[in-house]
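Chemist: Here's a sequence, model it:
(3 chains)
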Amino acid sequence: MSDEQETIEQFTKSEYKWGFTTDLDTDFAPKGLDEDTVRFISAKKNEPEFLLEWRLKAFRHWLTLKEPTWPNVKYAAIDYQDAYYYAAPKEKKELLSMDEVDPDIRATFDKLGISLEEQKRLSGVAVDAVMDSVSVATTFKDELSKQGIIFCSFSEAVQEHPALIKKYLGSVVPYTDNFFATLNSAVFSDGSFCYVPKGVRCPMELSTYFRINAANTGQFERTLIVADEGATVSYLEGCTAPMRDENQLHAAVVEIVSHKGADVKYSTVQNWYPGDENGKGGIFNFVTKRGICHEKAKISWTQVETGSAITWKYPSVILRGDDSVGEFYSVALTNNHQQADTGTKMIHLGKNTRSTIISKGISAGKSNNSYRGLVRVASKADSARNFSQCDSLLIGDRCGAHTFPYLEVSNKSARIEHEATTTKIGEDQIFYCNQRGIDTENAIGLIVNGYCKEVFRELPMEFAVEAQKLLAISLEGSVG
Amino acid sequence: MLKIKNLEAAVEGNQILKGLNLNVNAGEVHAVMGPNGGGKSTLANVLAGREEYEILSGSVEYDGQDLLDMAPEDRARAGVFLAFQYPVEIPGVGMSNFLKTALNDMREARGESALDAMDFFALIREKLELVNMDEKFLSRAVNEGFSGGEKKRNEVFQMAVLEPKLAILDETDSGLDIDALKTVANGVNAQRSKDNAIIVVTHYQRLLDYIVPDFVHVLSDGRIVKSGDKNLALQLEEQGYDWLKNESGAAVAA
Amino acid sequence: MANESVFEECKQWYLSRFQAFEDSLNGGAELPFHTTRKQAISRFSELGLPTPGNEEWKYTNVAPIFEQKYEVAAQSEADTDVDIGPFTFGDLSRNRMVFLNGTYSKELSSFSSEGQGLLIGNLSELLENDKVRAHLGRYANFTDEPFTAINTAFANEGTVVYVPSGLTVKEPLHILHLSDGSSAPFATNPRNLFVVEDGGQVSVLESYHQLAGGSYFNNAVAEIFVGKNARVEHTKIQQEALDAYHIATFNVHQERESHFASVNIDLGGRLVRNNLNVMLNGEHCETHLLGFYVGSGVQHIDNHTFIDHAKPHCFSNELYKGILDDHAQGVFNGKILVRQDAQKTNALQSNKTLLLTDDAAINAKPQLEIFADDVKCTHGATIGQLDDEALFYLRCRGIGKDMAEAMLRHAFVADVLEGIKDGALRETIDAKIIDRFTS
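Modeler: Next up, the predicted model:
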């Protein structure tokens, strides 16, 4: 027992591996938030009038909203006036090739293990790298554009494809949606845009790597993915942030439109700085992610959440079209003082719609980990099916694991099944591993990875490997 | 007793039966064999009246009535019994209540009076012995927590209690060890008579060593492609089904 | 907005009724318990009525209850001409407390149980009893519960059972509530207190029926103390009028090695809400909460359960099932809290609902809040219809469609009814459920 305890201590004490900062000359918006900040951002980005108007409507609406609160999620009040809403690396001329990317930025990405070159050469992943709000390099753009696929930074899309932006921006997450989404709508700085035309199967995984670098910058990405009829795309999002003492706010919005027969897969690995072992610092991750499925369309969310001091996100699917499919696969791991409140919403509106929810929560240290999910079947949604499995694993006796599923069903042909279990890692399992020569640390890693297998196998290969490594690192500390 | 004419049926939009003909007379035992996916279980389910199976064309006459026009319970009351390949578990419905309801509903349909508790249990005990089952199992819910073998024995036991005129055994032998197989076969054989007919649907010849059929049919790609006596089953056991494909191709061409 | 004015009016109405109630107490207002009543009414005036914005009332709007003004049931002597025959449960009702429109009827009640120190009686007569004073109001917290506050403010009539250490009450006690809403709408606030000291044992059947229809509102609160190694079996069957409102709150407090089993059956009522809160305050406790409801027409049936695992090595098992027809609405909110100390907790929860029409709806929210690691907690919820496979199987054995459906509906209830240990009671309730299916 005491040996285990010791291992746990060591495990828990492991430090955030990605905690370095890059010394870049940064261009800030004046601190604080008012209409002028919104105008400043919009002007800086040379946006069309409709977008500025939209931002302002969002901002005015935001002023009327109250910040939400939740049981089992606690944090000090955020001073929204004490943050920078725009920060961009100053050097910003047209980049003609990868070689022109600032070497410091390149080095940062190299440290993160996503060398653009390497990504390009080895994995064939197209990366839209976002550093402090501005997309600095987009690879594979030409190759994609041959098939009519648009994959670029959000700012670029605003300039070059304003009609698409106007049509789809806010169509899934309206600017009135919730406190954080509304804030994002007012001040979003950049993000990614992706459009896959009719019948096109995107030939490679599209990927964005987010990184929060400058101190005291809230980061407000906006991602919009549109898969036209019969199109297929798989999108990867990875996040890391350097170590900072002050909490940083991250309020992103992701919208997905999956047209008739389209198939969108969205995978996230999030390991933003979770704060130190005393709960100091760390990212507040308040994210709104939602997709809409038209007839026979599919949206699949897979997430591995190991970082952030607070994670608040519910990637959701509105199953509007008949025969559409929504999926949610999630691993959320919390350690030390982390708090995660995550889950999904599956809104069944069309007939024969199906949804699957697999959620694996792992709590260690003094953390709190909640699954919060909604499955709603409208009265016209004949023959809707949902299966949910929400499992919690507790490591140590000072953490919490909570499950709050909401099932709202008003159609008699619906079949809804929800199962949840809460267990601890069995001492007998660890002992068995020990007896076969595996140390406790590795045994825990082994057991937890096994526990998360159903989710990992939904991830693209290279992500799955990264996720397993992350899990082992973040877990460093487990079993009582 | 049973006349199936040009029966075509589909499930979930896939046509499985493609013009099946079969005549069964009282006193006969027919074995329907064939490769997986050939339509054996579909035939069994169509005869029992499962709603997911769509009848595209053809007819089934049973004792002079249009079987396809009857509700599943009316078919059962008229003496058609299906021993399910995968009997469903029905938690909360006790075996004895279930059997009593079924038996008395059937008796009522036949114009007979309901059995009282004494007679009912006397009958049940006798039939339990036939399939070598313990009385304790009457207090369990229908098929709930039964092993594979128990479920199959339970089907034969119910057949013994309900005394059907036409019994259809759908892969009743699959998953049984040899002892269980013999028990099941004994149960079935005990009910053979000149008034009853049995259709044994099976993938393997093995069961037919114990329930000796009068006729053997090969059902492949939705049609009976070959019929014969019990020796056909032995031939199939030795040679598999592949040789039939050429023959059936020839038959269609002719 | 409409709600707000209804609620405000209702609040004022209750406040004014409280004054009338005080006046009717004839010196009862001098007793120490009256201070608690006054605290409760004052708390209620602060709380007001719950709105759907309140997470605990998200799916149940109580506004329809207060669209009429109820006379808070008078303290007058109850009518004794009533035939209680149809509402008794054979031998089980030999030991009975009868309440007519919330008022205790001595004439209709009868007692067969006896034992040294056993106390069974009406609350108003036992308010000064030391045993009662030691427990009354201790477990039913009204700080956040407006309906408990209302009940506490008007608490006077109700059943008190005190079982001393080591005594087993052999015959079950039947608490029979009969309501006749055919004249003016009225509200009752039955307040029950069951105290079973260490090693004691008692079985209580509580039933609510209508004598005649009409609108009335029963707002019952029970406090149940289960001492060390004591056992309490509680069965409740609710068959109120289909235009009546019924809210019942149970606060159960269990000490170590105690055993509490509840079976809760709802067949009637326009709007029904059960709050069943169980506190496991000692090690090795065992709790069984079983429930079943049938809703049809425009009935709304809401079951809220909360099991608080505060100590290690306890076991709780919960199973709630419902069948909803027509436009009926069901709510199930089952919360299991496992506190940090409550290691080796084993908690099971299952909730199953059958929807028979597209106009019926169920909102289910099974929740686990776990703060201890060495626990086994599971919950499951399913929503669906009768099993087509099972239906087909039954029909293939010659059982007609209607009968087969009835058998499956009945089978659906079977595991809840198994929780009723007394065979005769189980059969009587079974028969009432079958009646309900066919009505």
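
Chemist: could you pull out the helices for the stretch 251-400 of chain C?
Modeler: C:388-396 (DSSP state H, counting those that start in this stretch).

Chemist: Please apply the same query to the stretch 51-200 of chain B.
Modeler: So, for the stretch 51-200 of chain B - with DSSP H, counting those that start in this stretch - the helices run B:72-77, B:95-109, B:117-130, B:148-162, B:178-189.

Chemist: How about the stretch 151-300 of chain A?
Modeler: A:154-160, A:162-168, A:179-187.

Chemist: show me what contacts the closest residue to A:Leu164 other than its chain neighbours?
Modeler: The shortest distance from A:Leu164 to any non-neighbouring residue, by CB to CB, 6 or more residues apart in numbering or on different chains, is to A:Tyr195 (5.9 Å). For every residue, glycine as well, the C-beta is placed using N, CA and C. A:Tyr195 is in contact with A:Ile149, A:Ile150, A:Phe151, A:His161, A:Leu164, A:Ile225, A:Val226, A:Asp228, counting by CB atoms under 8 Å, 6 or more residues apart in numbering or on different chains.

Chemist: Highest neighbour count among those residues?
Modeler: A:Phe151 (29 neighbours; other CB atoms under 10 Å in any protein chain shown).

Chemist: can you pull up the bridge partners for it?
Modeler: Note on A:Phe151: beta-bridge partners by DSSP bridges are A:Cys194.

Chemist: can you tell me how far it sits from C:Glu4?
Modeler: 51 Å (CB to CB, to the nearest Å).

Chemist: May I have stretch C:310-327 as CSV, with CA atoms only?
Modeler: Taking Å, rounded to 0.1, in the frame of the first residue of the first chain, the C-alpha atoms of stretch C:310-327 are listed here in CSV:
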residue,chain,number,x,y,z
ALA,C,310,-22.4,8.8,4.1
LYS,C,311,-20.8,5.8,5.6
PRO,C,312,-18.8,2.8,4.3
HIS,C,313,-20.0,-0.7,3.5
CYS,C,314,-23.5,0.1,2.7
PHE,C,315,-25.6,-1.4,-0.1
SER,C,316,-28.4,0.3,-1.9
ASN,C,317,-30.5,-1.1,-4.7
GLU,C,318,-33.0,0.9,-6.6
LEU,C,319,-35.4,-0.1,-9.3
TYR,C,320,-38.1,2.2,-10.7
LYS,C,321,-40.4,1.3,-13.6
GLY,C,322,-43.1,3.1,-15.4
ILE,C,323,-45.6,2.6,-18.1
LEU,C,324,-46.9,5.7,-19.9
ASP,C,325,-50.0,5.8,-22.1
ASP,C,326,-52.0,8.5,-23.8
HIS,C,327,-50.5,12.0,-23.0
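
Chemist: buried set for that stretch?
Modeler: C:310-325, C:327 (16 or more other CB atoms under 10 Å in any protein chain shown).

Chemist: Give me the secondary structure label for C:Gly137.
Modeler: coil (DSSP: H, G, I helix; E, B strand; the rest coil).

Chemist: give me phi/psi at it?
Modeler: Main-chain dihedrals, C:Gly137, degrees, to the nearest 10: phi 80, psi 0.

Chemist: again, but for A:Arg39
Modeler: Here is the backbone geometry of A:Arg39 (degrees, to the nearest 10): phi -60, psi -40.

Chemist: if we can go back for a sec, so which of the contacts of A:Tyr195 comes closest to chain B?
Modeler: A:Asp228 (27.6 Å; CB to the nearest CB).

Chemist: How about the closest one: what's its closest non-neighbour residue?
Modeler: A:Lys198 is the one closest to A:Asp228 (CB to CB, 6+ apart), at 4.5 Å.

Chemist: Now do the same for the one you found: its pLDDT.
Modeler: On pLDDT, A:Lys198 comes in at 94.

Chemist: who in the stretch 101-250 of chain B is up against chain C?
Modeler: B:Thr101, B:Ala102, B:Asp105, B:Met106, B:Ala109, B:Ala141, B:Val142, B:Gln158, B:Leu162 (CB under 8 Å from any CB of the partner chain).

Chemist: Adding distance to A:Arg354 and neighbour count as columns, could you present those in JSON lines?
Modeler: Formatted as JSON lines, these follow (distance: CB to CB, whole Å; neighbours: other CB atoms under 10 Å in any protein chain shown):
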{"residue": "B:Thr101", "distance to A:Arg354": "36", "neighbour count": "20"}
{"residue": "B:Ala102", "distance to A:Arg354": "35", "neighbour count": "24"}
{"residue": "B:Asp105", "distance to A:Arg354": "37", "neighbour count": "21"}
{"residue": "B:Met106", "distance to A:Arg354": "40", "neighbour count": "22"}
{"residue": "B:Ala109", "distance to A:Arg354": "41", "neighbour count": "16"}
{"residue": "B:Ala141", "distance to A:Arg354": "30", "neighbour count": "19"}
{"residue": "B:Val142", "distance to A:Arg354": "29", "neighbour count": "26"}
{"residue": "B:Gln158", "distance to A:Arg354": "35", "neighbour count": "24"}
{"residue": "B:Leu162", "distance to A:Arg354": "39", "neighbour count": "20"}
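
Chemist: Among the residues you listed, which one sits closest to C:Gly295?
Modeler: Of all those, C:Gly295 sits closest to B:Ala141, with 25.5 Å by CB to CB.

Chemist: For that closest one, list the residues it contacts.
Modeler: So B:Ala141 contacts B:Glu89, B:Ile90, B:Pro91, B:Gly92, B:Val93, B:Gly94, B:Met95, C:Ala411, C:Ala414 (CB under 8 Å, 6+ apart).

Chemist: Tell me how many other residues crowd the closest residue to it other than its chain neighbours.
Modeler: Using CB to CB, 6+ apart and skipping the chain neighbours, the partner closest in space to B:Ala141 is B:Pro91 (5.1 Å). Neighbour count for B:Pro91, taken as other CB under 10 Å: 16.

Chemist: List the contacts of the most centrally placed residue in chain B.
Modeler: The centre of chain B sits closest to B:Ile168, judged by CA atoms, centre = their mean, with a distance of 1.7 Å. Listed by CB under 8 Å, 6+ apart, the contact partners of B:Ile168 are B:Ala44, B:Leu47, B:Ala48, B:Val80, B:Phe81, B:Leu82, B:Ala83, B:Ile198, B:Ile199, B:Val201.

Chemist: What of A:Leu144?
Modeler: A:Ala126, A:Ile150, A:Phe151, A:Cys202, A:Pro203, A:Met204 are the contacts of A:Leu144 under CB under 8 Å, 6+ apart.

Chemist: Any chance of TSV for the residues you listed, columns pLDDT?
Modeler: Output for these, formatted as TSV (pLDDT from 0 to 100):
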residue	pLDDT
A:Ala126	54
A:Ile150	88
A:Phe151	85
A:Cys202	87
A:Pro203	83
A:Met204	78
